[in-house]
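Asker: Here is the input, now give the coordinates:
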Amino acid sequence: MNVVNVFEAEGMQTPHGVKVARIYDTEHAQAVHITLEPGESLKRHITPVDVFFYVLEGTGIVEIGEERREIERDMLVESPRDIPHAWINESQRPFRVLVVKAPRPVTPTKVI
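Answerer: All right, here's what the predicted structure looks like:
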């Protein structure tokens, strides 16, 4: 059994400059924990696989394609592959999101 505490997981470097920890990574899927502090955002990017996001804490803005919506704790958002998307924390509190990519990407995400 592998147990991971997301607050103790090793962070990873990304072009977004925010707290990101890969908490699950197999040949079949990948899960990442993202924390956006107030005023932080993920740059608009394209993922080569389908992704779903589950909001763990706080409120934030998600942009997928041309759609923009405020999202809050316990909401799940689907993002199809090859569609530009971004996350923005316009609130005064941390915004934490679980990101699951399936299947595991074999090509990198493209920041646009």
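
Asker: For R69, grab the count of nearby residues.
Answerer: Applying the criterion other CB atoms under 10 Å, we find 11 residues in the vicinity of R69. Every residue, glycine included, has its C-beta placed from N, CA and C.

Asker: now N2, what's its secondary structure?
Answerer: Each residue gets one of three states, and N2 gets coil by DSSP: H, G, I helix; E, B strand; the rest coil.

Asker: which ones are touching L98?
Answerer: A31, V32, H33, F53, Y54, L56 (CB atoms under 8 Å, 6 or more residues apart in numbering).

Asker: List every C-alpha atom in the strand or helix carrying it, with coordinates, as CSV.
Answerer: Using DSSP states H and E, L98 sits in strand 95-101. Output of strand 95-101 as CSV, limited to C-alpha atoms (Å, rounded to 0.1, in the frame of the first residue of the first chain):
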residue,chain,number,x,y,z
PHE,A,95,-7.7,27.2,-3.7
ARG,A,96,-6.8,23.5,-3.8
VAL,A,97,-7.6,21.2,-6.8
LEU,A,98,-7.0,17.5,-7.5
VAL,A,99,-6.1,16.9,-11.2
VAL,A,100,-6.5,13.5,-12.7
LYS,A,101,-5.1,12.7,-16.1
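
Asker: doesn't Y54 make contact with I71?
Answerer: No. Using CB atoms under 8 Å, I71 is not in contact with Y54, being 10.0 Å away.

Asker: Report how many residues lie close to N5.
Answerer: Neighbours around N5, by other CB under 10 Å: 8.

Asker: For this protein, just list every one of the strands.
Answerer: Using DSSP state E, the strands of the chain run over 19-25, 30-36, 41-46, 51-57, 59-64, 67-72, 76-79, 85-88, 95-101, 110-111.

Asker: In JSON lines: those strands, plus distance to N5.
Answerer: Output for those, formatted as JSON lines (distance: least, CB to CB, whole Å):
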{"stretch": "strand 19-25", "distance to N5": "9"}
{"stretch": "strand 30-36", "distance to N5": "10"}
{"stretch": "strand 41-46", "distance to N5": "23"}
{"stretch": "strand 51-57", "distance to N5": "13"}
{"stretch": "strand 59-64", "distance to N5": "23"}
{"stretch": "strand 67-72", "distance to N5": "24"}
{"stretch": "strand 76-79", "distance to N5": "22"}
{"stretch": "strand 85-88", "distance to N5": "23"}
{"stretch": "strand 95-101", "distance to N5": "13"}
{"stretch": "strand 110-111", "distance to N5": "29"}
